[in-house]
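[1] take a look and give me a structure for this.
(2 chains)
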Amino acid sequence: MSDFSLPADQAGRREQLSVLFTEAVPHNHALGLRLEAVGASDATVVMPYADVLVGNPETGVVAGGAVTTLIDATSGTAVLAALGTFTAIVTLDLRIDYLRPARPGLALTAHAECYKVTRLIAFVRALVHQGDPAMPVASAQGTFMRVED
Amino acid sequence: MSTPSLPLAELVRVVRKSREYHRLTDAIPYTRFMGIGVENLAGEMLCRMRYTPHLIGNSILPALHGGALGALLESTAIFELLLQTDTDRVPKVISSTVDFLRSGKAQDTFARAFITRQGRRVANVRVEAWQDDRTRPIASSHALFLLSEP
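    Predicted structure coming up:
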């Protein structure tokens, strides 16, 4: 896959990455993930509440695995934003702290910031909330690697 | 989505005895959606995530989504705790760290969990996932779970 540069403006970045975000990534599409915003080195993604995401049928709480996917997808997009090109990247590791139970019936929003990139490696922090970023549901840190052709 | 016929705690107790693991995984919408099931192979309890195209994260390679592998690892740890210990609640994940070791191919993936420590409140669990060769895992994790709440 050849790299191509992302536009400098935020609307253009969001538009270009949105298409790739779901069309090139079937699992993002399957979970209903929606790319809301892309900045210079950050991304915001929403995962609407859905019955198929429920991990505990008695409480209706979303499965941790779905939260992992949301964080991974948002973090990866933040890395692409920071690199400024659409290039192949892989997740090396991801650490997630579950800070409070997610409330059933509400969408989850992830915001990820790529705070450092080297030639090969990118470092990301992410927070997941349900409307109030000051009351996060989960906090995460991940490491990504650029895959060279 | 069908509602489970039994309260989950009761269903877990029934399945521990009957070993009809699909009754438990069928009762959880997300594991059903992900195609994750529990299998007893030669006396060992494994999880299998059946390949479906909606698990793909990179269509070009193609490779499984890292989040899907994370979901398999976490589900495997939860089923291990539910079926091999006597906890009567679904364990809640406190924190988890996943290492992605190799890209996951478009095929079934297996995982096995090991409880490294089980306290009264908290359990530490290590999980490995593989495809063709068990000695070459594609992802591994260690996670903390809350077993009960005051």
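[2] can you list the strands that the helix or strand of chain A at the bottom of the mean pLDDT ranking pairs with?
    Lowest by mean pLDDT, DSSP states H and E among the helices and strands of chain A is strand A:4-5, with a mean of 78. Sheet pairing for strand A:4-5, assigned by DSSP bridges, gives strand A:85-86 (antiparallel).
[3] give me the helices and strands touching the very next helix or strand once past the partner strand, please.
    Counting by DSSP states H and E, the next helix or strand C-terminal to strand A:85-86 is strand A:89-98. Counting contacts by 3 or more C-beta pairs under 8 Å, 6 or more residues apart in numbering or on different chains; DSSP states H and E, strand A:89-98 is packed against helix A:64-83, strand A:138-146, helix B:66-84, strand B:92-100. For every residue, glycine as well, the C-beta is placed using N, CA and C.
[4] the first one to strand B:92-100, inter-axis angle?
    Going back to what we said before, that points to helix A:64-83. 50 degrees (axes from the mean of the first three to the mean of the last three C-alpha atoms, to 10 degrees).
[5] and helix A:64-83, which residues are buried?
    Buried residues in helix A:64-83, counted by 16 or more other C-beta atoms under 10 Å in any protein chain shown: A:64-83.
[6] which among the residues you listed are in contact with chain B?
    A:64-66, A:68-73 (C-beta under 8 Å from any C-beta of the partner chain).
[7] between those, which is nearest A:Ala24?
    Using C-beta to C-beta, the shortest approach to A:Ala24 within these belongs to A:Ala73, at 11.5 Å.
[8] rounded mean pLDDT for stretch A:22-41, please.
    For stretch A:22-41, the mean per-residue pLDDT is 92.
[9] so which bits of chain A are right by chain B?
    So chain A meets chain B at A:1, A:24-31, A:51-58, A:62-66, A:68-73, A:88, A:90-98, A:101 (C-beta under 8 Å from any C-beta).
[10] is A:Gly55 in contact with A:Val62, as I believe?
    Yes: if you go by C-beta atoms under 8 Å, A:Gly55 and A:Val62 touch, sitting 6.3 Å apart.
[11] more neighbours, those two?
    A:Val62 (28 against 25; other C-beta atoms under 10 Å in any protein chain shown).
[12] quick one, helices of chain B?
    Per DSSP state H, chain B carries helices over the ranges B:8-18, B:21-27, B:29-34, B:66-84.
[13] if we can go back for a sec, rebuild the helices and strands packed on strand A:89-98 as JSON lines, extending it with distance to B:Asp133.
    Formatted as JSON lines, the helices and strands packed on strand A:89-98 follow (distance: least, C-beta to C-beta, whole Å):
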{"stretch": "helix A:64-83", "distance to B:Asp133": "24"}
{"stretch": "strand A:138-146", "distance to B:Asp133": "22"}
{"stretch": "helix B:66-84", "distance to B:Asp133": "16"}
{"stretch": "strand B:92-100", "distance to B:Asp133": "17"}
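[14] want to throw these into a markdown table with mean pLDDT and distance to B:Ile138?
    Below are those laid out as a markdown table (pLDDT from 0 to 100; distance: least, C-beta to C-beta, whole Å):
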| stretch | mean pLDDT | distance to B:Ile138 |
| --- | --- | --- |
| helix A:64-83 | 96 | 15 |
| strand A:138-146 | 97 | 15 |
| helix B:66-84 | 95 | 7 |
| strand B:92-100 | 96 | 8 |
